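Chemist: model the following, please.
(chains A and B)
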Protein chains: 2
Amino acid sequence: MTTNSPDIFQSRLNTVAAKMETVLAQILPEPAGPQSQVMDAMSYALLGGGKRLRPFLLIEAARMLGTQTTGTQNQGLWQAAAALECVHVYSLIHDDLPCMDDDNIRRGKPTLHKAYDEALAVLAGDALLTLAFEILSRPSIHTNADIRLKLISELAVNSGTHGMIGGQVIDIYANLSEQNETLITHLQALKTGALIHYSVIAGGRLAGATDDDLANLSIYADALGLAFQIRDDILDVEGDSCIMGKRTNKDAGLGKATFVSIYGLEGAKEKAHKLGVKAKNALKPYGEKADILCAAVDFVLNRQK
Amino acid sequence: MTTNSPDIFQSRLNTVAAKMETVLAQILPEPAGPQSQVMDAMSYALLGGGKRLRPFLLIEAARMLGTQTTGTQNQGLWQAAAALECVHVYSLIHDDLPCMDDDNIRRGKPTLHKAYDEALAVLAGDALLTLAFEILSRPSIHTNADIRLKLISELAVNSGTHGMIGGQVIDIYANLSEQNETLITHLQALKTGALIHYSVIAGGRLAGATDDDLANLSIYADALGLAFQIRDDILDVEGDSCIMGKRTNKDAGLGKATFVSIYGLEGAKEKAHKLGVKAKNALKPYGEKADILCAAVDFVLNRQK
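Modeler: Model (predicted):
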């Protein structure tokens, strides 16, 4: 990797985030009709914030495999990334609800149910999830109908009871005061890992990945996803809520086991580092083409928010 | 129509409901893993209740156009009907939440958030919506990938901000104390009508409907959907909550305009009757093959729950 990779990475991350903002604004339904409040609420939650890490991973996985990411012919790639972000944001909205994590701040501004109300937060979340599947069914996503169906199926599986929703249920209901490494790892593989896995795999599918490519991307994504969550737990202890734009010391404050409570702070950092090495190694076959995705690993390990 | 149509209809409705119960049990994820509570909650809400009117309309629309509905080769038809019921039930779960209609009884038993809790009600609803799209992406739904994508797209549109969710938003936020016929009709076309429309059209698509067929089915579905809602408003005034298995006098009690408050009780019945005639007329080209769908109109107009 070249020495200026972090700079190139940051610039690329910014470019993708800026482009995503435009695409997200385009895929949102126009506020119209007597139900325009729900469109406003969707827009409030979806636009103007977030690292857009999941869309970034989708776009960069496709780019690593040789897909052009600029120009009108690759509109579908960006729309698929937008659908993915809709699902991520819907999950944040519902997780923030008073009956779940009861959070007041998200991405540095009041959570949706605080800015609007609970009913609209439930409905705007539902609408973003629904919109995601509508977007993925569009012919503009990819000329091959089977690939569109694969994206739909894999998004549903990774965000359903054996994916993201399953992880949230474990987070709320399982007895997490026990220092159970297996359970915490499983929880995070579902809650955060599944959608990160999907992000990378979807990029691969859209770029015509071979089975070998998908296997490599899968190892990369799963190691990255777990490292991401370990870093989250580290930030929950070490982080500054002003920088992060959300509440810190949440899990530890609730007496929940985290990767930090299991491994200790230094142990957690070491574990995250090892996962980072694993993620990068999985992309060795792609040489310099993998530079950006490898820099994403360092970004995840070092992020302050 | 033959004189014993109501009996044939009732027997057919019962047969479809019984078969749906089996299919719904099959498509539900097995309760497994530390997140099994959400599978239990999905099962609680989905099984053992409801008229299964929407699946019935899907199945019967396909049958009218010549599709065999028994035998293993038509598994896809039943799975598509199950996906549709998942979306209907998710909408009931979320609408019943304390932050929305705050209902305690549904289909004769405690609502999901009463039997479990609010967080699980939000998540089980999310999971049913997600599952619906996963089911529709399966090759077993139909051999033609484009038809599966059409079903996904149309389900998303009819249940999204320009469909069911839009209707619920209007129901909650619009000023419905005004006797505004246009607004109430629009609200119902979205809130109840859109998914009934989808039910009939999806059955048509799976049966290889022509554009003419789809146009006829569309008129039928939209007239039936509006008649269904008018009957709902009549039952809200006249109905017995013990028979209905849910609260009555809800809308009138809240000072909301309904079709009864706009047209009067007799006027509402007359309007529903006219819509019934319109629905039946749309199916005249199909002769006796339309008997069951025409009997469904009478069922909707005369139902006590």
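Chemist: distance check, the closest residue to A:Gly208 other than its chain neighbours against B:Leu275.
Modeler: Leaving out its chain neighbours, the residue that sits closest to A:Gly208 by C-beta to C-beta, 6 or more residues apart in numbering or on different chains is A:Leu65, at 7.1 Å. (Each C-beta comes from the backbone N, C-alpha and C, glycine too.) For A:Leu65, the distance to B:Leu275 equals 55 Å [C-beta to C-beta, to the nearest Å].
Chemist: which one of those two is surrounded by more residues?
Modeler: Legend: neighbour count by other C-beta atoms under 10 Å in any protein chain shown for A:Leu65 and B:Leu275, higher for B:Leu275 (23 against 19).
Chemist: where does the residue nearest to A:Gly208 land on pLDDT?
Modeler: With respect to pLDDT, A:Leu65 scores 97.
Chemist: just give me the neighbour total for A:Gln68.
Modeler: So A:Gln68, with other C-beta under 10 Å, has 11 neighbours.
Chemist: before we move on, the earlier item: contacting residues around the residue nearest to A:Gly208?
Modeler: A:Gly203, A:Gly204, A:Ala207, A:Gly208, A:Ala209, A:Asp213, A:Tyr286 (C-beta atoms under 8 Å, 6 or more residues apart in numbering or on different chains).
Chemist: how about 10 Å then?
Modeler: Contacts of A:Leu65 were listed using C-beta atoms under 10 Å, 6 or more residues apart in numbering or on different chains, and they are A:Gly203, A:Gly204, A:Arg205, A:Leu206, A:Ala207, A:Gly208, A:Ala209, A:Thr210, A:Asp213, A:Leu217, A:Tyr286, A:Lys289.
Chemist: residue ranges with poor pLDDT in the stretch 201-305 of chain A?
Modeler: For the stretch 201-305 of chain A, the stretches flagged by pLDDT under 70 are A:240-254.
Chemist: ok, which stretches of it are strands?
Modeler: Per DSSP state E, counting those that start in this stretch, the stretch 201-305 of chain A has no strands. Nothing in it meets that criterion.
Chemist: from what I see, A:Ala80 and A:Leu57 are in contact.
Modeler: No. The criterion here is C-beta atoms under 10 Å, and A:Ala80 misses it with A:Leu57 at 11.8 Å.
Chemist: quick check: neighbours shared by these two?
Modeler: A:Ser199, A:Ala202, A:Gly203.
Chemist: tell me which element the closest residue to the last one other than its chain neighbours falls in.
Modeler: Spelled out, it's A:Gly203. Excluding the flanking residues, the one nearest A:Gly203 by C-beta to C-beta, 6+ apart is A:Ala61, at 3.0 Å. Applying DSSP states H and E as the criterion places A:Ala61 in helix A:53-64.
Chemist: swap in A:Asp102?
Modeler: Using DSSP H and E, A:Asp102 maps to neither a helix nor a strand.
Chemist: list the contacts of it.
Modeler: A:Asp102 touches A:Asp95, A:Asp96, A:Thr111, A:His113, A:Arg247, counting by C-beta under 10 Å, 6+ apart.
Chemist: rewinding a little: for B:Val169, see how far away the residue nearest to A:Gly203 is.
Modeler: For A:Ala61, the distance to B:Val169 - C-beta to C-beta - is 36 Å.
Chemist: do you know how far the closest residue to A:Gly49 other than its chain neighbours is from A:Leu97?
Modeler: Residue nearest to A:Gly49 in three dimensions, not counting chain neighbours: A:Arg107, with 3.4 Å by C-beta to C-beta, 6+ apart. Separation of A:Arg107 from A:Leu97 (C-beta to C-beta): 16 Å.
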